[in-house]
Every structure is written in structure tokens, then in C-alpha cells.
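In: Here you go, sequence then predicted model.
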Amino acid sequence: MPENSEGIMLKNLSTAAVTTSIALAFVASVPAPTSALAAPATTTSAANSPATLDNARIAAHFDLAQGRMPENIALSPGGTAYVTFAAARQIARVTPGGATRILATLPAPADGGVHTPVLGFALTTGIVRAHDGTLYVLYATGTDDLTGLWRLRPGGEPQRIAALPATGLPNGLALDPRTRTLYMTDSVLGTIWSVPTSGGTPTAWSTAPELASGGFLGANGLKLHGGAVWATNLDKGTLLRIPVLPGGRAGRVQTRATGLTGIDDFAFTGRGDRVLATLNGPNEVALVQPGGGHATVLTAADGLQNPTSVALHGNTVYVLSAAYTTAVDPNLVLARLNC
């Protein structure tokens with residue numbers, strides 16, 4: 001998702017300028033038609049897939065003019081969605097019925113975020129929710145004073161608890177509640193960082209070459225599953241698995257799927273290692289099987305506008321679209337997963 005990054009000091013730059021810049025960056029990053037990554041995302045027919053999605057509908061529309069381009073999502077046990085609005089620097093709560101409430105706005109960098117790597121705009125990215133309702137959010141500004149991991153406790157104000165390099169672009173975020181450890185991808189530096197939920201100085205948990213970018217954005221989405229850290233690489237169109245070794249060290253990277261053009265975020269369906277993945281540029285959601293085969297299960301016809309993230313609550317699938325390059329109708333789509 002060359003559109004996974006976005007954010008802007010709205011007082012200085014229009015939303016149109018943001019979408020134009022992202023669109024240009026996206027076009028520059030798209031592989032040539034002869035590239036293997038340019039092959040169709042579907043490598044297994046939907047008819048042969050053991051699961052399908054249906055009853056897709058747009059549950060919420062967001063205001064593009066206010067920079068409310070939803071970037072990442074975390075769900076409560078009751079199905080309420082907590083999202084980051086990239087260009088607005090906001091954290092919001094969205095009910096399944098579509099009601100939206102802004103919980104916090106992160107401070108704007110003094111320079112408007114123009115030094116944010118690759119994008120040139122400040123942006124809020126990954127979000128996770130702890131069992132007590134505490135939200136953790138990543139923020140990229142290109143400045144030392146704001147870039148990093150932020151915490152928002154219920155009823156409180158956002159607070160930065162860990163600084164990350166201003167030269168990077170923190171993006172995906174995952175929480176291990178057992179060890180109280182947060183893992184964070186950096187799409188520019190090709191790194192997965194780790195830090196305790198209490199905050200402090202992050203550790204470079206993995207800098208494996210599979211995480212590096214191909215010129216735009218590398219390591220992106222992030223999840224914990226089955227004793228491993230899983231990540232996507234947007235530029236390389238890959239889904240990666242990194243075992244967590246004794247002592248918490250990173251094992252050798254395993255490439256579990258390829259050919260996923262524009263892959264951004266993903267979520268496990270609850271059936272082994274099968275995942276749903278958002279393909280940002282193609283405007284699709286793919287069902288990826290444990291063996292690496294994948295089939296398209298949602299498209300622009302279902303309302304997708306540069307899908308950025310996906311989550312599941314039971315058999316209900318939540319898909320956020322930021323409309324980074326389409327510049328039309330950022331939204332939340334709900335669908336039903338049939339296993």
C-alpha cells in the first residue's frame with residue numbers, strides 16, 4: 001500500500017495535496033507490467049477456496065476534506081472499532097453502526113511534517129488495544145520530538161512513551177499481552193522494533209533483509225500468531241513469518257506468500273495460518289491460504305477505496321479504506337466470512 005502513509009498538517013496543506021502526493025508516490029513505486037509482482041493477485045480461484053465473504057456493505061463514511069483517511073484498526077471485545085485517521089492525526093472510535101467519535105488528536109509537528117521520510121507529511125499509523133482499554137498508536141512526523149509510540153488511556157490524553165528514529169516510518173503495531181511487549185514495523189528502515197508496554201528505549205528486534213523496502217515502503221502490517229511475529233512487505237508483495245525463539249529473540253524469516261501486490265495489513269481468520277489481507281493499490285481483499293495460494297474475496301465493487309487494514313470480530317470482517325489515491329469515499333466496509 002504505497003498509500004499506507006499519509007498525514008498532514010491540515011492548516012498548511014490541503015487534503016487534495018496529500019492525495020496527489022500519495023498518488024504520485026504510488027505510481028512511482030508500481031512495478032513494471034513485466035514484474036512478477038504485477039501478476040494478478042488471485043492465484044487460487046475463489047470457487048476452490050474453502051471460505052468466501054458476502055453481505056458486504058459500507059457501514060461508515062469518513063470526511064476526506066477533514067483528512068479522515070482511516071489507516072489502521074483495533075477492535076474491542078464488543079466489536080467497536082478504534083481507528084487512526086492518518087491525515088488528521090486523530091484516534092477515533094467507530095461503532096458497528098457507523099457512529100464516529102474522535103478520542104484524541106496528536107500534536108502537529110512545528111514544521112508540518114515535511115521531513116517525514118518518503119511521504120513528507122505527518123501521519124498516525126498502527127493501533128492496538130490492551131484488555132484495559134488502553135490504546136497504543138504509532139506516529140511518524142520526521143521530527144525527534146514526536147515520532148514514536150504513543151499511549152492513550154481511557155479518559156486521558158495521548159502521551160509518547162517511546163521515541164523512534166525520525167529517519168524512519170513506524171507503521172504496523174502488535175501487542176503480546178503475555179510478555180507485555182509491543183512490536184512495531186518501520187517501513188523505511190526495514191526494521192521490527194520491540195518495546196515494553198511501559199515504554200522506554202526500543203530494541204531493533206529484527207533487521208532481516210526480507211523487511212527492507214524496494215525503494216518505497218517495506219515492512220508494513222504486523223501481527224502475532226502461533227509463536228511468531230508475522231509481517232507484510234508492501235514493495236515485495238510478501239507475507240512473512242518470524243519465529244519468536246527462547247528468550248524472545250527473532251528467528252529466521254520464512255516467506256509464506258508472494259505475489260500479493262500492494263499488501264498492507266492482514267488478519268488471521270481463526271483457521272490456522274489462513275489470513276485476509278488488504279491489497280491497497282488493487283482495491284482488493286485477498287484470502288491467503290497456509291500454502292501461499294490466494295484468492296480475491298472483496299473488490300472495489302464492494303466499496304473498497306485503497307483498503308488499508310482488516311480485522312475480524314467473530315465472522316464479521318471489518319475493512320478500512322483510506323482513499324489515498326482514489327480520493328473518493330474513505331470508509332468502513334463490513335462483510336461476513338463464511339468458513
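Out: All right, it came through fine. Residues are numbered from 1 along each chain as shown.
In: quick one: residue 257 from residue 269, how far?
Out: Distance, residue 257 to residue 269, using C-beta to C-beta, to the nearest Å: 14 Å. In this view, the C-beta of every residue, glycine as well, is placed from N, C-alpha and C.
In: By residue count, which strand of this protein is the longest?
Out: Longest strand in the chain by number of residues (criterion: DSSP state E): strand 52-61.
In: helices or strands up against it?
Out: Secondary-structure packing of strand 52-61 (3 or more C-beta pairs under 8 Å, 6 or more residues apart in numbering; DSSP states H and E): strand 294-298, strand 331-338.
In: and the shortest one, average pLDDT?
Out: For strand 294-298, the mean per-residue pLDDT is 97.
In: quick one: strands adjacent to that strand?
Out: Using DSSP bridges, strand 294-298 pairs in its sheet with strand 284-288 (antiparallel).
In: related to what we said a few turns ago, neighbour count for residue 257 and residue 269, which is higher?
Out: Taking residue 257 and residue 269 together and counting by other C-beta atoms under 10 Å, residue 257 has the greater number of neighbours (25 against 18).
In: ok, the more buried one touching residue 241?
Out: No: applying C-beta atoms under 8 Å as the test, residue 257 and residue 241 come out as separate, 9.7 Å apart.
In: Show me the helices in the stretch 201-339 of the chain, by range?
Out: Applying DSSP state H, counting those that start in this stretch to the stretch 201-339 of the chain gives no helices.
In: C-alpha coordinates for stretch 285-304, CSV please?
Out: Provided in CSV are the C-alpha atoms of stretch 285-304 (Å, rounded to 0.1, in the frame of the first residue of the first chain):
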residue,chain,number,x,y,z
VAL,A,285,-9.0,-8.1,-0.1
ALA,A,286,-7.4,-11.4,-0.6
LEU,A,287,-7.8,-14.7,1.3
VAL,A,288,-4.4,-16.2,1.7
GLN,A,289,-4.1,-19.9,2.3
PRO,A,290,-1.4,-21.5,4.5
GLY,A,291,0.4,-22.8,1.4
GLY,A,292,0.6,-19.3,-0.1
GLY,A,293,-2.2,-19.5,-2.6
HIS,A,294,-4.6,-16.6,-2.6
ALA,A,295,-7.9,-15.5,-4.0
THR,A,296,-9.7,-12.2,-4.2
VAL,A,297,-12.7,-12.0,-2.0
LEU,A,298,-13.6,-8.3,-2.0
THR,A,299,-13.1,-5.6,-4.6
ALA,A,300,-13.9,-2.0,-5.4
ALA,A,301,-17.4,-3.2,-6.4
ASP,A,302,-17.9,-3.9,-2.6
GLY,A,303,-16.9,-0.3,-1.7
LEU,A,304,-13.1,-0.7,-1.3
